[in-house]
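A.B. asks: Need a 3D model of the sequence below.
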Amino acid sequence: MTSPVSTSATPAQAIVIMGVSGSGKTETSLGVARRLGFRHIEADHFHSAENVVRMQAGTPLTDTDRIEWLDRLRLEMQKAVQDGTGFVLSCSALRRSYRDRLRDAVPGLRFAHLSVDYETALQRVGERADHYMPTSLVKSQFDTLESPKGEPGVLWVDASKACEAVVEEVCAWMHAPIPSSEMAALIGLASKMPDAPSPRKEPPLTSEPIYNNRMAQRFDTLTDSLMAVLMAFMVGAVFVNVVLRYAFGSGWAGAEELSRLAFVWLIFVGVASSMRRGELMCFTLIRDKFPRIAHRLIDSVSALLIATGSGLSAWGAWYQMQFGWQNASPVVGYPLAIAMLPVLVSMIALAMLALVQLINTWRTERAVPPALANVTAD
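C.D. replies: Below you'll find the model as predicted:
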């Protein structure tokens, strides 16, 4: 007589509703989250603007495109765990490597695979409106899908059934205590996962960069190099001046004057660099309180105000430079116009970037906000 399989004390608290586009992930995950009282996480909302543009153009995402997206999802899941709340993640998780990457973040993570045939998925995606997922990408979803059969903690659900029946089946599975053997397999799987290096360690940007291309890379290289040189000069000048004061009893007053000049250059070069990267003058907290239809108008007004203010500042800097050529600094004797040159260049750059931002506001599509998403397009 075999002994019964021991179970964990509590039912599962974390689940991913997975499947190809058109399988009903969003509707099912919302229903499961409501029934269980869990937090709902929609993977669509964590795609970068570049990924959205690619999908709108009918271009399938690559593994490289999905790495940062998966890492954002990992962080969001871990936040829910830290808050002590269960969560339901709606995510395609087509490849085994994607699922393992998610499991590595939350040991014991379960998956409910919504299985659907190609014709049904194609029909459902075609009937969806106001979403960036075209029907042309449905085939690529089936081509990418790696079956989760045989993986621990996976429920296989026939997604052709009514949504209520699918939600009921998933909730019943979640309410059932987790067998300890299954939990051990899940945790063991996560512990064997290699530590995959994250491609980026920087904190998230305030908003998406204004533009991304080879010119942007050159612009960033130029501004970053200038800031590094200016910072090194300031540190070196101050250090040498301190050594001179303590070693010889007197420093060089010109070091302080040149350090102030370098500081002015550093500030305005950094302003132009931050604007391009989307880390400057972002008012989404206020904008998002308005109806979605007004977002583009608010963004346009913001860009116009930035362009106008920057243009006026550049105009004033130009006049100051004309007077500055006739006046010299008291110690080193450089023309004071040099101190206004970074202001002029930086404000011209800001005005041009604001105009590019204005054009992008009306040229590119916005990512669908949480309240309007109706299909997972990853």
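A.B. asks: domains for this structure, by residue range?
C.D. replies: The chain resolves into domains spanning 9-204, 214-363 when parsed by automatic domain parsing.
A.B. asks: And Ala176, what's its pLDDT?
C.D. replies: Note on Ala176: pLDDT of 75.
A.B. asks: how many neighbours does it have?
C.D. replies: Each residue near Ala176 was counted by other Cβ atoms under 10 Å, and the total is 11. Every residue, glycine included, has its C-beta placed from N, CA and C.
A.B. asks: Tell me which helix or strand comes right after the host helix or strand of Asp224.
C.D. replies: Under the criterion of DSSP states H and E, Asp224 resides in helix 214-248. Using DSSP H and E, the helix or strand that follows helix 214-248 in sequence is helix 253-276.
A.B. asks: re the thing from before, pull out the buried positions in the helix holding Asp224.
C.D. replies: By neighbour count on 16 or more other Cβ atoms under 10 Å, the buried set for helix 214-248 is 219, 223, 226-227, 230, 233-234, 237, 241.
A.B. asks: ok, back up a step: from the domains of the chain, which stretch is densest packed?
C.D. replies: Mean neighbour counts were taken over those using mean count of other Cβ atoms under 10 Å, and the top value, a mean of 17, falls to domain 9-204.
A.B. asks: what distance separates that domain from the middle of the whole chain?
C.D. replies: Centroid separation between domain 9-204 and its chain, computed with Cα atoms, centre = their mean, to the nearest Å, is 18 Å.
A.B. asks: go on, stretch 215-235?
C.D. replies: 24 Å.
A.B. asks: Give me the contact list for that stretch.
C.D. replies: 209, 258-259, 262-263, 265-266, 269-270, 272-273, 276-277 (Cβ atoms under 8 Å, 6 or more residues apart in numbering).
A.B. asks: redo that, cut-off 6 Å
C.D. replies: Contact with stretch 215-235 is made by 259, 262, 265-266, 269-270, 273, as judged by Cβ atoms under 6 Å, 6 or more residues apart in numbering.
A.B. asks: got those as TSV, with pLDDT columns?
C.D. replies: Conversion of these to TSV gives the following (pLDDT from 0 to 100):
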residue	pLDDT
Ser259	82
Ala262	83
Trp265	83
Leu266	85
Val269	82
Gly270	82
Ser273	77
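A.B. asks: nearest to Met174, of the residues you listed?
C.D. replies: Using Cβ to Cβ, Ser273 is the member of the contacts of stretch 215-235 that lies nearest Met174, at 47.9 Å.
A.B. asks: Now do the residue most central in space within the chain against Ser250, distance only.
C.D. replies: Among the residues of the chain, the one closest to the centroid is Ser48, at 5.3 Å (Cα atoms, centre = their mean). Ser48 sits 55 Å away from Ser250, going by Cβ to Cβ, to the nearest Å.
A.B. asks: ok, now how distant is Gly270 from Phe239?
C.D. replies: Per Cβ to Cβ, Gly270 is found 22 Å from Phe239.
A.B. asks: same question, Glu146
C.D. replies: According to Cβ to Cβ, Glu146 stands 57 Å off from Phe239.
A.B. asks: Quick check on Ile15: phi, psi?
C.D. replies: phi -150, psi 150 (degrees, to the nearest 10).
A.B. asks: Test my guess that it contacts Arg110.
C.D. replies: Yes: judged on Cβ atoms under 6 Å, Ile15 makes contact with Arg110 at a distance of 4.6 Å.
A.B. asks: Do a quick rundown of the strands in the stretch 251-378 of the chain.
C.D. replies: In the stretch 251-378 of the chain, no strands are defined using DSSP state E, counting those that start in this stretch.
A.B. asks: element containing the closest residue to Ile17 other than its chain neighbours, please.
C.D. replies: Computed as Cβ to Cβ, 6 or more residues apart in numbering, the closest residue to Ile17 that is not its neighbour in sequence is Ser29, at 4.1 Å. Here Ser29, judged by DSSP H and E, is contained in helix 25-36.
A.B. asks: pLDDT averaged over that helix, what's the number?
C.D. replies: Rounded mean pLDDT across helix 25-36 is 90.
A.B. asks: which helices and strands sit right next to it?
C.D. replies: Using 3 or more Cβ pairs under 6 Å, 6 or more residues apart in numbering; DSSP states H and E as the contact test, the elements touching helix 25-36 are strand 14-18, strand 87-90, helix 163-175.
A.B. asks: tell me the angle of that helix relative to helix 163-175?
C.D. replies: Angle of helix 25-36 versus helix 163-175, following axes from the mean of the first three to the mean of the last three Cα atoms, to 10 degrees, is 50 degrees.
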